[in-house]
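A.B. asks: using only what follows, build the 3D model:
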Amino acid sequence: MIDKNKQIDAWRGEFGDSYTDRNTTDLERMANVTRAFQEILGHIADSPPVSILEVGANLGGNIRALKTLTDARLFAVEPNGKARGIMMDDGVLPAAQVADATADDLPFENGEIDLVFTSGVLIHIPHEDVERVYEEMHRVAGRYVLSIEYFSPTPVSIPYRGETDLLFKRDFGGQWLDMFDELEHIANGFFWKRTTGLDDVTWWLFRKT
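C.D. replies: Numbers count the residues shown, from 1 in each chain. Now for the predicted structure:
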């Protein structure tokens, strides 16, 4: 059994601070992220979300990109204080739209946010805890859920930055469909690092019906 407190403490503490330090919002990366979200949001351009929540936003790189693509009201959940501080100091989002919370306990009402998404967050949640996160994201989402994560056809734990039990791969898209019968698959894709400048990640977009 993985210690859940170890997980939370790691991301709230020095390990999470170091993760924030490694992240960047330079022009090249922001251009790559913007193109990625432009591709994803293009699949729902006929009925775009009016509000979007990123679960695990770190210093807000994805939010910064989304601000150039949508008029939706944007929200972020982030447990690391350093990352939240940078996001607010940089004017990415006002404090009222940035929550100090974890993915398994989202401070929003049922169906409050049109589109709820993660990007490189589910991979850091132990297999035995990830269903709770799916349930919370599904509860809060009014219309759409999106996950952008590393993929493996079978669940596997990977050593990460000299630590164990902090990086996990699985079929995150398949789990959405396995857990929620009413979800409709809209689109999925793969961002190849060699051509996109992003990590090698798979994304899945679903609509609640």
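
A.B. asks: show me the shaky parts of the chain.
C.D. replies: Filtered on pLDDT under 70, the chain yields the residue ranges 1-6, 16-17.

A.B. asks: ok, 80 please
C.D. replies: For the chain, the stretches with pLDDT under 80 are 1-17, 19-21, 23-24, 161-165.

A.B. asks: which stretches in this structure count as helices?
C.D. replies: For the chain, helices defined by DSSP state H occupy the ranges 4-12, 14-22, 27-41, 61-67, 81-89, 130-140, 172-179, 193-196.

A.B. asks: list the buried residues in the third one.
C.D. replies: What that stands for is helix 27-41. 29-30, 32-37, 40-41 (16 or more other Cβ atoms under 10 Å). C-betas here are computed from N, CA, C, even on glycine.

A.B. asks: now do residue 86 against residue 96, distance only.
C.D. replies: Going from residue 86 to residue 96 by Cβ to Cβ, to the nearest Å gives 17 Å.

A.B. asks: more neighbours: these two, which one.
C.D. replies: Using other Cβ atoms under 10 Å as the criterion, residue 86 and residue 96 rank with residue 86 on top: 18 against 7.

A.B. asks: excluding its backbone neighbours, what's nearest the more buried one?
C.D. replies: Closest residue in space to residue 86, ignoring its immediate chain neighbours: residue 59 at 4.4 Å, by Cβ to Cβ, 6 or more residues apart in numbering.

A.B. asks: for residue 95, same thing?
C.D. replies: residue 88 (5.5 Å).

A.B. asks: thought the one you found was touching residue 100?
C.D. replies: No. Using Cβ atoms under 8 Å, residue 88 is not in contact with residue 100, being 11.2 Å away.

A.B. asks: so for these two, which sits in the more crowded spot?
C.D. replies: Just comparing residue 88 and residue 100: by other Cβ under 10 Å the higher neighbour count belongs to residue 88, 16 against 12.

A.B. asks: distance to residue 117 for the helices of the chain - can I get that in TSV?
C.D. replies: Converted to TSV, the helices of the chain look like this (distance: least, Cβ to Cβ, whole Å):
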stretch	distance to residue 117
helix 4-12	18
helix 14-22	19
helix 27-41	9
helix 61-67	8
helix 81-89	16
helix 130-140	8
helix 172-179	12
helix 193-196	17
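
A.B. asks: relative to residue 55, which of those helices is closest?
C.D. replies: Shortest distance between residue 55 and the helices of the chain, using Cβ to Cβ, is found for helix 130-140: 6.3 Å.

A.B. asks: which other helices and strands contact the closest one?
C.D. replies: strand 51-55, strand 113-119, helix 172-179 (3 or more Cβ pairs under 8 Å, 6 or more residues apart in numbering; DSSP states H and E).
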